[in-house]
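Participant: Take this sequence and fold it.
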Amino acid sequence: MKDIKSLYKKRSIGKLNVDKKVVSILLVFIVLVISLLISIVVSTNSLSALRGFASFQTNWTTARKDVTFNLVNYLRTQDQDYKAKVDSCVFLIKEMEHIRIELMNDNTDRELVVALLEETHSVPDDIGKMITTFENFHEFSEFKETIALWIESDSMIFDLEDLSIRAESLIISSSFSETEQADMISSVIELDDKLTEMQFKLARSLAKGTELLNLVIIGVIISLVLINIIVGGTLSLRFLRSIRKWSEEIELSEQKYRSLFDQNPNAVFSVSPVGKLINANKVLEKLIGYSAREMKNSTFQRFVDKSQVDRVRNHFLLALRGRSQTYETQILKADGSYIAAEVTNLPIIVDGEITGIYGVINDITHKKEAEQKIKDQLVEKTYLLSEVHDRVKNNLALVSTLVQLQQNEVEKENRGESFVNTVSRIRSMALVHERLYQNETFSSIRMDEYINDLIENIQLKGYQKIKKPRLELETSPVSLSIEQAIPTGLLLNEVLVNAFKYGSDALDPVIKVNMSSVDGEVTIKVEDNGPGLPKNFELEKPETLGFRLVSVLLKQLKASFVINNDNGASFTFRYKIEKPVTSKKAMKRRLVN
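Facilitator: Predicted coordinates for the structure are as follows:
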């Protein structure tokens, strides 16, 4: 019992009702921790981006100073080397302007910006972080001020570029006077002073933006840390309470299992994955006469007949694969006798793995004995019913023979024909019992096979007068109960005899028989190409015994009918197929009615 308790202890843990509040707090805590980590990563990236922008500003400042220095020297010396340096520095500043314009676009071309930043000698590791930080924070007022100062500074640089272009034009045309030279140098120095002042403003603005960004990051991190401390403390307290609750649930689950195992009214047992019995309850001990201690560590081969060992082993292996099994077998008792048992094998699943088999045994010895008794009685009744049909068939044959003998004694032709019709009717009923006698079941017969036998019997009576008619049969497999088969057989006998007697008068006599079943209704049609029925013929007012019989049979079958007299006689009748009567109560009601 100790092994089983430890086994189900694990299983109980797997099925505990987890505190939903603990789960909710844990999820919040995890989200906050992830947010804190993201904030740290963002702050690190932002600091790297600010370092990159500081380097970017340094490069811009250097380029700006080089522009003014080389432009003044160019104005003083007219040396083209200075002019080339001016153009190179202006080009670099224009590249930086292009970076700003592209970053301000809604759809920034990141690849282009990366390439431009590399050309402006920015640190490669900071470039991606610079772009992301600019996209996230450029709408802040401090950063908007920095961008405005950047734009204004670039416009001054372009003024210096205009001065260099105008000076170059004057120098080339040899009209560059000392006065113009002095004025231009004075303008350059003035612009340089303004740019120096703008540089300080730009540095202060960038410092404000950096300070703001640092405050935001620090505030977010501190808030998240404090919230994490509060949530973590709450989670810890709640978790301690849940552990106490889980311990109580484990104990309750173990008690429920022990009660289910020990107090189960069925014989139950547990088996290890290698097939050794671990434990059994008192009911099983009483059922087979062994104690749980005697059965422990035994395999099923000890309790199963040798002829069924392989089958039981197969069911055991299927249960180990996770498929529940229910089967019947013979179990050996301590006294050497066997009992018939129904065994159910259920896989024991712990943490997704099958760790054993839980079994339930039901003693079905009395059930098997009762089933065998019923089978014996069924065989006996089947034999008796077969004998009844055989005797009915023989008695009808005897009646038919007596009628034929009487016919031979009658001299008048019309009376002899009446005897022939009577014999045909008796034979149609006898065929039903003959078919039932040949069937495995006595509740119904195949009417398509019956029709073939009936037509063969009518042909033997010689109803056709001149020429043997050609038969066209189209019959589907239709089964009718004996209650419907006999009136249907008599009905077919009358209309077929009529077709053979009068349809054979045609030049090329043809008799067609169709039978089909659709949606629980059978439709039977018999037609010939003879002279047809009399002009004043009405089935409701029959003049002959045969058609009076047809009228009665149609009412008995609750059949609808259609008679057509074009190009010969045609009879079509349709009715619902009734299920065979099998219960005694239904049979009694049928007999009473």
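Participant: can we go C-alpha only for contacts and neighbour counts from here?
Facilitator: OK.
Participant: tell me the secondary structure for the closest residue in space to Ser570 that isn't next to it in sequence?
Facilitator: Nearest non-adjacent residue to Ser570, counting by C-alpha to C-alpha, 6 or more residues apart in numbering: Glu527, 4.1 Å away. Put simply, Glu527 is strand when judged by DSSP: H, G, I helix; E, B strand; the rest coil.
Participant: Glu527 touches Gly568, doesn't it?
Facilitator: Yes: the criterion here is C-alpha atoms under 8 Å, and Glu527 meets it with Gly568 at 7.1 Å.
Participant: between the two, who's got more neighbours?
Facilitator: Glu527 (26 against 19; other C-alpha atoms under 10 Å).
Participant: Residues in a beta bridge with that one, which ones?
Facilitator: Lys512, Ser570 (DSSP bridges).
Participant: for the stretch 251-400 of the chain, what spans make up the helices?
Facilitator: Along the stretch 251-400 of the chain, counting by DSSP state H, counting those that start in this stretch, helices occupy 282-288, 292-295, 309-320, 365-409.
Participant: ok, now how distant is the residue of the chain positioned farthest from its centre from Pro469?
Facilitator: Using C-alpha atoms, centre = their mean, the residue of the chain lying farthest from its centre is Glu178. It sits 93.7 Å away. According to C-alpha to C-alpha, to the nearest Å, Glu178 and Pro469 sit 141 Å apart.
Participant: Also Leu317?
Facilitator: Using C-alpha to C-alpha, Leu317 is found at 69 Å from Pro469.
Participant: quick one, which of the two is more surrounded?
Facilitator: A direct count of neighbours by other C-alpha under 10 Å for Leu317 and Pro469 places Pro469 higher, at 23 against 16.
Participant: close enough to count as contact, the more buried one and Lys501?
Facilitator: No: in this structure, Pro469 is not within contact of Lys501 by C-alpha under 8 Å, at 10.0 Å.
Participant: Based on its surroundings, how many neighbours for Tyr290?
Facilitator: For Tyr290, using other C-alpha under 10 Å, the count is 16.
Participant: Tell me where the model's unsure across the stretch 351-500 of the chain.
Facilitator: 377, 379-424, 433, 435-443, 462-466 (pLDDT under 70).
Participant: Could you pull out the strands in it for me?
Facilitator: Using DSSP state E, counting those that start in this stretch, the strands assigned to the stretch 351-500 of the chain run over residues 353-363, 444-446, 470-475, 479-481.
Participant: Now do the buried residues in the host helix or strand of Thr146.
Facilitator: Assigned by DSSP states H and E, Thr146 belongs to helix 141-172. Neighbour-count burial for helix 141-172, counted by 16 or more other C-alpha atoms under 10 Å, picks out 142-143, 145-147, 149-150, 153-154, 156-157, 160-161, 163-164, 167-168.
Participant: Stretch 70-82 now?
Facilitator: 70-75, 78, 82.
Participant: Report the two of these separated the most.
Facilitator: Asn70 and Gln78 (10.5 Å; C-alpha to C-alpha).
Participant: SS state for Glu139?
Facilitator: coil.
Participant: number of nearby residues for it?
Facilitator: Neighbours around Glu139, by other C-alpha under 10 Å: 11.
Participant: what does Gly520 give?
Facilitator: With other C-alpha under 10 Å as criterion, Gly520 counts 10.
Participant: and what of the one 5 residues further on?
Facilitator: Neighbour count of Lys525, defined by other C-alpha under 10 Å: 21.
Participant: Spit out the contact partners of the nearest residue to it once chain neighbours are set aside.
Facilitator: Spatially, and ignoring its direct neighbours in sequence, Lys525 is nearest to Thr572 (4.3 Å; C-alpha to C-alpha, 6+ apart). By C-alpha atoms under 8 Å, 6 or more residues apart in numbering, the contact set of Thr572 is 523-526, 561-563.
Participant: can you check Val72 too?
Facilitator: 185, 188.
Participant: In three-state terms, how would Pro542 be classified?
Facilitator: Going by three-state DSSP: Pro542 is coil.
Participant: Below-threshold pLDDT in the stretch 201-350 of the chain: ranges please.
Facilitator: Ranges of the stretch 201-350 of the chain meeting pLDDT under 70: 202, 205-206, 208-210, 212-213, 216, 224, 232, 235, 257.
Participant: Please enumerate the strands of it.
Facilitator: 267-271, 277-280, 325-332, 338-350.
Participant: who wins for proximity to Thr475 among the ones you listed?
Facilitator: Among those, strand 325-332 sits nearest to Thr475 (C-alpha to C-alpha), with 44.8 Å.
Participant: The closest one: which residues count as buried?
Facilitator: Counting neighbours by 16+ other C-alpha under 10 Å, strand 325-332 gives 325, 328-332 as buried.
Participant: I'd like to check the angle between it and strand 338-350, please.
Facilitator: Orientation of strand 325-332 against strand 338-350 (axes from the mean of the first three to the mean of the last three C-alpha atoms, to 10 degrees) gives an angle of 140 degrees.
Participant: now for strand 325-332, which elements pack on it?
Facilitator: Other helices and strands packing on strand 325-332, by 3 or more C-alpha pairs under 8 Å, 6 or more residues apart in numbering; DSSP states H and E, are helix 309-320, strand 338-350.
Participant: mind running it again at 7 Å?
Facilitator: Applying 3 or more C-alpha pairs under 7 Å, 6 or more residues apart in numbering; DSSP states H and E, we find strand 325-332 packed against strand 338-350.
Participant: what lines up beside the strand it packs on in the sheet?
Facilitator: With DSSP bridges as the test, strand 338-350 is paired with strand 325-332 (antiparallel), strand 353-363 (antiparallel).
Participant: of all the ones you listed, which lies closest to Lys576?
Facilitator: strand 325-332 (42.2 Å).
Participant: Now do that closest one: distance to the chain's middle.
Facilitator: Mean-position distance between strand 325-332 and its chain equals 34 Å (C-alpha atoms, centre = their mean, to the nearest Å).
Participant: Mind exporting the C-alpha coordinates of that strand to PDB?
Facilitator: Written as PDB, here are the backbone C-alpha positions of strand 325-332 (Å, rounded to 0.1, in the frame of the first residue of the first chain):
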ATOM      1  CA  GLN A 325      -9.200  -2.300 -22.100                       C
ATOM      2  CA  THR A 326     -12.300  -4.300 -21.100                       C
ATOM      3  CA  TYR A 327     -12.300  -8.000 -21.800                       C
ATOM      4  CA  GLU A 328     -13.600 -11.400 -20.500                       C
ATOM      5  CA  THR A 329     -11.500 -14.200 -19.200                       C
ATOM      6  CA  GLN A 330     -11.400 -17.200 -16.800                       C
ATOM      7  CA  ILE A 331      -9.700 -16.500 -13.400                       C
ATOM      8  CA  LEU A 332      -8.300 -19.300 -11.200                       C
END
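Participant: So what touches that strand?
Facilitator: 303-305, 315, 319, 338-346 (C-alpha atoms under 7 Å, 6 or more residues apart in numbering).
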